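# next one to model:
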Amino acid sequence: MAETILVVDDEKDIRLTLGGLLADEGFLVAQASSAQEALERLDESVPALVVLDLWMGGSEEGFSVLSHIREERPQLPVVVISGHGNVETAVKAVKNGAFDFIEKPLSADKLLLTVQRALDFRRLSEENRLLRRRSFREEKLFVGASASMRALLNTVEMVAPTPASVLITGENGVGKELVAQTIHSLSDRASRPMIELNCAAIPEALVESELFGHEKGAFTGADRRRQGRFDLANHSTLFLDEIGDMSLQTQAKILRILQEQKFERVGGTRTISVDVRVIAASNKDLQVEIERGTFRKDLYYRLNVVPLMVPPLRDRRDDIPGLSKIFLDACVEANRLGPKTLDPALVEELRSRDWPGNIRELKNTVERLAITTPDSVIRSDPEAPGAAGDASLARRENGPSLEWLLLPYREAKQEFEKRYFRVQLDAHDGNVTKTAEDINLDRSTIHKKLNDLGIKTDGARGASPEGRNGALP
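Numbering: from 1, shown residues only. Predicted coordinates:
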C-alpha cells in the first residue's frame, strides 16, 4: 500500500515540483498551501510523513503546524524546509520535534534520502513499540498451563491474520481487551495502533461524534472538524468494548459501516470510505439482550463471525501462580520496592480463591501485598476472605494466624470448618435456626457438622467458650 506524504508550502511551484518528485518514487501526495489548510488536511487523514515549509505568509507560521503535530500526533515524522535557513532556525525546528531540516533551494537527492530515513525511523520505532507491547500482553494473558487459555490462544492465532470480525465475551476483568490487542498485534494491521472505544463510558449524545467524527458547526461547541474512531482506525483495528451498552440507533449505524465500510461525519454530507476491522467485546449475554429487544440480531451475527469466550480466572487456576509473579515483578519495579517473592503457601491460597473480579482483582491484590508487606517474602494476605484481616472476622477472632493453611488438605479443611461455624454461630448468638437460614444449610446438617467438629453451642450466647477468639483446638 502506497504511503501518503503531505507537502505544506505556500509556493505552488514548489508543491508541484515536490509532488511530482515524490509521486515518481511511488508515494501518494497531498498538498496544503497554508498552516490552516495543513491542519484541515491532518484532521481529514493522517499521512505517513509531512514535508513542511516553515516560512509561509510572511512569517514562520510553519512552527504552529509543527507544534500541533507534536501535540496531537507525536509519532508522525516532519521534515522541515525553509528558504530562510540558518543554524538557529534549524536547531529550533529540531528542538520542536522536526526529524530533519533542509535548506532551500532543495536538492532532490537529499530530500528523497531524508524522506526515506524518516519513514524507516518511524517504521522501526513503531515495530519496537508493538513488539514490547505484544510481548507484555501475551505474557500477561497466556501465562500458565491452563487448557482453556491454550485453546483460546490457538483460536487467536488462527483468526488474527484474517479480516474477520470477532466478538469477545466474558466477565468483567478477564482480559477481553488483552485478547483484542493480541489479535491486532498478530494481524497484518499491526503497523498501525489499534483504536479503542468503551461504549459504556461515552454519553449517548456523544457516541456518534466519537465513532464517526463531526464537521465544524455540527453542534454547539464543534468549533473545528474532528475525526472519529472509524477515521482513525482506517487500515487498522477498531475495538468496541462493552458494545452491549450501545443504543439501538447507534447499532444500526455500526451495522451499515460493517456492511459498506462507508459513513458520514455528524453534520456532514460527504461519504467517507474506510477499511476497518472491528473487534467487539461485551460482558453481557447478547443473545439475552436480543430477546429483551435491546440488541440487534443482525448486528450480533455480523459481529459474531468468530466468537471468543475468555474464561474467568476461577476456571484457569493453573495460570494464577504465573500471573501473580508477573504482577508482583511489575509492581516491585514500578515502585522500586526491592526484591520480593510470594511464599508458596500464599500462592496456593491465592490459587484457591474464586476471584469474582478476575485478573483485575488478582492484580490489585498482588500490588497491595507488595506495597504493604515490608519483608522480602510475602507470607500471608491479611485481607483474604475469611482471614484475620477481614473486618467482621477480626472483631470476633482477634487476628488468628493462617498457619492452618500449611496443613494437609483434610486437616486444613477441618480447621476451616471449625472456624467458619464458630464465627457464624457467634454472629447469630448461637441460634442454629437463624444460622441455617443465613448460610443456606439444613438445621440437621449443621447439628451433624457441629457434632463431628466437637463444637458445642451455648444457647443464645453462641459457640462454647473453647471456640471463642478463634482459638483452634
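# what residue is smack in the middle of this structure?
E177 (4.8 Å; C-alpha atoms, centre = their mean).
# can you count the residues close to the spatially closest residue to that residue that is not a sequence neighbour?
Leaving aside its chain neighbours, E177 sits nearest to D241 (6.4 Å; criterion: C-beta to C-beta, 6 or more residues apart in numbering). Every C-beta, even on glycine, is put in place using the N, C-alpha and C of the backbone. Neighbours of D241 under the rule other C-beta atoms under 10 Å: 21.
# what do you get for V91?
The burial count for V91: 11, using other C-beta under 10 Å.
# immediately after the helix or strand containing it, which helix or strand?
Remark: V91 resides in helix 87-95, with elements defined by DSSP states H and E. Counting by DSSP H and E, the element after helix 87-95 in chain order, helix or strand, is strand 100-103.
# N154 - how many residues pack around it?
The burial count for N154: 10, using other C-beta under 10 Å.
# try the one 10 residues further on
When neighbours are counted by other C-beta under 10 Å, A164 registers 14.
# partner residues bridging the residue nearest to E177?
Beta-bridge pairing for D241 (DSSP bridges): N198.
# whichever strand or helix holds the residue nearest to the centre of the chain packs against which elements?
Secondary structure from DSSP H and E places E177 in helix 176-185. Packing partners of helix 176-185 (3 or more C-beta pairs under 8 Å, 6 or more residues apart in numbering; DSSP states H and E): helix 108-142, helix 147-159, strand 166-169, strand 236-241, strand 276-282.
# how about the contacts made by the nearest residue to A48 once chain neighbours are set aside?
Residue nearest to A48 in three dimensions, not counting chain neighbours: E3, with 3.8 Å by C-beta to C-beta, 6+ apart. Shown in contact with E3 (C-beta atoms under 8 Å, 6 or more residues apart in numbering): F27, L28, P47, A48, L49, L119.
# 10 Å instead, please
L22, G26, F27, L28, P47, A48, L49, V115, L119, R122, R123 (C-beta atoms under 10 Å, 6 or more residues apart in numbering).
# from S191, how far out is the nearest residue to the fourth one once chain neighbours are set aside?
Put plainly, it is L28. Spatial nearest neighbour of L28, excluding adjacent residues (C-beta to C-beta, 6+ apart): T4 at 4.3 Å. Separation of T4 from S191 (C-beta to C-beta, to the nearest Å) stands at 14 Å.
# K434 now?
Distance from K434 to S191, by C-beta to C-beta: 64 Å.
# quick one: pLDDT of the closest residue in space to G357 that isn't next to it in sequence?
Once flanking residues are discounted, G357 sits nearest to G173: 4.9 Å by C-beta to C-beta, 6+ apart. If you check G173, the pLDDT there is 89.
# surely G173 touches K363?
Yes - counting by C-beta atoms under 10 Å, G173 touches K363, with 8.8 Å between them.
# shared neighbours of these two, anything?
Common neighbours of G173 and K363 (C-beta under 10 Å, 6+ apart) are G357.
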